[in-house]
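Asker: Here is a sequence together with a model predicted from it:
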Amino acid sequence: WRMFITEDMLDDIVCATRVRVIQRMAHTPPDFYAARHGAAAWPSRTLRKQEHKPMTKKDLEQFIGIAYGLGVTYKRGIQDAFSDDWLIGVPWVQRVMSFGKFQRLKNSLSVDIPRERNVEHVDPISNRDVSKIGVLMEKFKKRCLHVYQPKAELSYDEQVAKTNTRFSKLQQRLRHKKYNGIQIYSLCEAGSGYLVTFVTRQPTPEFSIEGAMFSLLKDVSDKWHRVYADNLFISTKTLRWCKDNGIYLCGTARTTHGFPAAISRKFGEALEKGEYNWRMTRDGLCAIAWHDSVVTQFMSNWHNPEAMDVIRRREKGQRDRSSRNAPKVAADYNKFMGGVDQLDALRGTYTCRIKAKKWHFSLLWWMLDVAMINAHHVYCVEEGKAKRKPMSRDKFIKSVVESLIAKGEAPDASEVENDGSGRKRARNEAGTMCEKVRPCTFDRRRQCKNCYNRRGVISKQNTGCSTCDAPLCVDCISEWHERRLDEK
């Protein structure tokens with residue numbers, strides 16, 4: 001896993017998070033905060049706590065480990081996992097960190113790594129142009145290309161990083177789903193789902209479907225990989241470009257993308273099931289119309305149109321599958337096209353995705369999920385070379401989680417900010433840590449901390465201390481600041 005999420009990438013995330021906290025404290029308060037608490041109360045108590053206890057790399061690893069671990073073993077919400085309830089709580093999570101610390105890390109997390117200065121990039125289509133997380137995704141892409149050499153068969157398709165936020169410029173609403181998603185064009189190994197390379201769709205004039213495909217296929221050019229794609233990406237232009245750059249390409253085709261109209265679906269209805277027609281250009285591009293359940297159109301830059309194969313199909317009223325003649329291009333397409341779909345299926349089983357308002361977090365969860373899938377595939381390959389039986393994917397993830405969380409180090413008493421069961425309780429020193437008592441009135445009524453923490457009584461008042469921002473009854477101000485909570 002650390003071959004894909006390197007120490008350098010973790011250090012960049014920690015540095016970006018610390019910089020973001022400092023920048024937020026230097027800015028003016030938001031309008032809603034200034035209207036409720038006043039501009040003089042900025043920065044907020046949460047920001048002061050984030051500055052006082054900045055994120056470390058170990059904190060980030062534990063945060064990622066909890067997200068991975070709950071994705072494998074737990075299907076309820078994050079707050080329920082930190083609960084003390086024996087029925088719904090997860091004990092090992094509570095031993096790693098408190099719920100308050102987990103929320104503080106999540107709220108302060110930033111992946112906005114600055115781009116390298118004075119460095120020109122030739123490729124106009126790149127993940128670097130994605131705001132907030134582009135530099136991190138480009139580093140991850142380089143690791144995917146460097147760690148593992150894929151096999152000959154590859155599949156090219158699009159996938160979606162799910163996000164329900166409305167503020168993303170990259171989002172595109174899918175017509176057949178009730179959620180928004182960020183489109184990612186991916187090249188995966190057929191049969192395993194290993195992600196070889198990818199690029200995120202961007203709302204710029206320079207971005208195009210063909211341009212994104214050419215940009216990704218350059219990473220595997222001159223190796224004569226056999227790439228399979230659907231009819232959105234197959235055209236005479238892409239077939240010729242791939243052949244000139246040492247890539248075999250085939251897939252389903254549209255009549256509007258160069259498929260010859262003389263043998264198109266409109267004129268192929270007279271064919272019997274299993275029969276097909278074909279045409280070939282002088283430079284070796286072939287087009288095939290094959291009658292399966294309907295007439296299906298294929299185009300390829302390397303298949304022999306006369307090569308035959310046999311596939312099995314279910315027939316109505318028959319228990320067993322029947323054999324049917326098919327061109328070799330159709331049989332290969334059915335066998336090797338599902339690499340990207342397999343990656344999506346693996347992401348859906350064990351995912352570390354956490355609900356968040358920031359759109360770029362959906363790309364972060366997607367990247368972490370893919371890193372775990374790629375890591376498990378590389379692990380299985382290495383174990384196969386050593387003639388050992390590899391662990392299953394869930395056990396592999398649990399082993400990675402154990403290394404990330406350092407086997408559940410218990411938090412200190414000072415770090416327990418919230419027990420996860422609901423209401424926050426103050427520490428024993430509480431108001432005695434206040435430097436100077438300054439009685440004041442607040443704009444709205446709030447619950448007295450002294451009454452709740454000492455006697456368990458809920459009493460809402462609009463008075464308190466402005467120094468420690470503690471709502472207190474008039475009679476409780478001196479007791480709160482002079483006596484510890486554990487004193488009788």
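Answerer: Right, received. Where do you want to start?

Asker: the helices in the stretch 101-250 of the chain, which residues?
Answerer: In the stretch 101-250 of the chain, the helices defined using DSSP state H, counting those that start in this stretch lie at 134-147, 209-217, 236-244.

Asker: Likewise for the stretch 351-488 of the chain?
Answerer: 360-385, 393-404, 449-450, 477-482.

Asker: and the longest one, average pLDDT?
Answerer: By that I understand helix 360-385. The average pLDDT within helix 360-385 is 95.

Asker: Helix 134-147 and that one, what's the angle between them?
Answerer: Calculated by axes from the mean of the first three to the mean of the last three C-alpha atoms, to 10 degrees, helix 360-385 forms an angle of 10 degrees with helix 134-147.

Asker: starting at the chain centroid, how far to helix 360-385?
Answerer: 11 Å (C-alpha atoms, centre = their mean, to the nearest Å).

Asker: where in this protein is pLDDT low?
Answerer: 117-124, 165-179, 268, 407-427, 429, 486-488 (pLDDT under 70).

Asker: before we move on, the earlier item: let's have the helices of the stretch 101-250 of the chain in JSON lines, adding mean neighbour count and distance to residue 49.
Answerer: (Each C-beta comes from the backbone N, C-alpha and C, glycine too.) Listed next are these as JSON lines, based on neighbours: other C-beta atoms under 10 Å; distance: least, C-beta to C-beta, whole Å:
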{"stretch": "helix 134-147", "mean neighbour count": "19", "distance to residue 49": "26"}
{"stretch": "helix 209-217", "mean neighbour count": "18", "distance to residue 49": "43"}
{"stretch": "helix 236-244", "mean neighbour count": "18", "distance to residue 49": "54"}
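
Asker: Tell me which of those helices sits nearest to residue 390.
Answerer: helix 134-147 (16.7 Å; C-beta to C-beta).

Asker: C-alpha coordinates for the closest one, PDB please?
Answerer: What follows is helix 134-147, C-alpha atoms only, in PDB (Å, rounded to 0.1, in the frame of the first residue of the first chain):
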ATOM      1  CA  GLY A 134      -4.800  17.800  -8.800                       C
ATOM      2  CA  VAL A 135      -1.100  17.600  -7.800                       C
ATOM      3  CA  LEU A 136      -1.800  14.600  -5.400                       C
ATOM      4  CA  MET A 137      -3.700  12.700  -8.100                       C
ATOM      5  CA  GLU A 138      -0.900  13.200 -10.600                       C
ATOM      6  CA  LYS A 139       1.600  11.800  -8.100                       C
ATOM      7  CA  PHE A 140      -0.700   8.800  -7.500                       C
ATOM      8  CA  LYS A 141      -1.000   8.300 -11.300                       C
ATOM      9  CA  LYS A 142       2.800   8.100 -11.600                       C
ATOM     10  CA  ARG A 143       3.000   5.500  -8.800                       C
ATOM     11  CA  CYS A 144       0.400   3.300 -10.600                       C
ATOM     12  CA  LEU A 145       2.400   3.400 -13.800                       C
ATOM     13  CA  HIS A 146       5.700   2.800 -12.000                       C
ATOM     14  CA  VAL A 147       4.900   0.000  -9.600                       C
END
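
Asker: what packs against it?
Answerer: helix 7-26, strand 195-200, helix 360-385 (3 or more C-beta pairs under 8 Å, 6 or more residues apart in numbering; DSSP states H and E).

Asker: can you rerun that using 6 Å?
Answerer: strand 195-200 (3 or more C-beta pairs under 6 Å, 6 or more residues apart in numbering; DSSP states H and E).

Asker: What strands line up against the strand it packs on, and which way round?
Answerer: strand 180-189 (antiparallel) (DSSP bridges).

Asker: mind putting the helices of the stretch 351-488 of the chain in CSV, distance to residue 306 and mean neighbour count included?
Answerer: Converted to CSV, the helices of the stretch 351-488 of the chain look like this (distance: least, C-beta to C-beta, whole Å; neighbours: other C-beta atoms under 10 Å):
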stretch, distance to residue 306, mean neighbour count
helix 360-385, 36, 20
helix 393-404, 42, 18
helix 449-450, 84, 26
helix 477-482, 90, 18
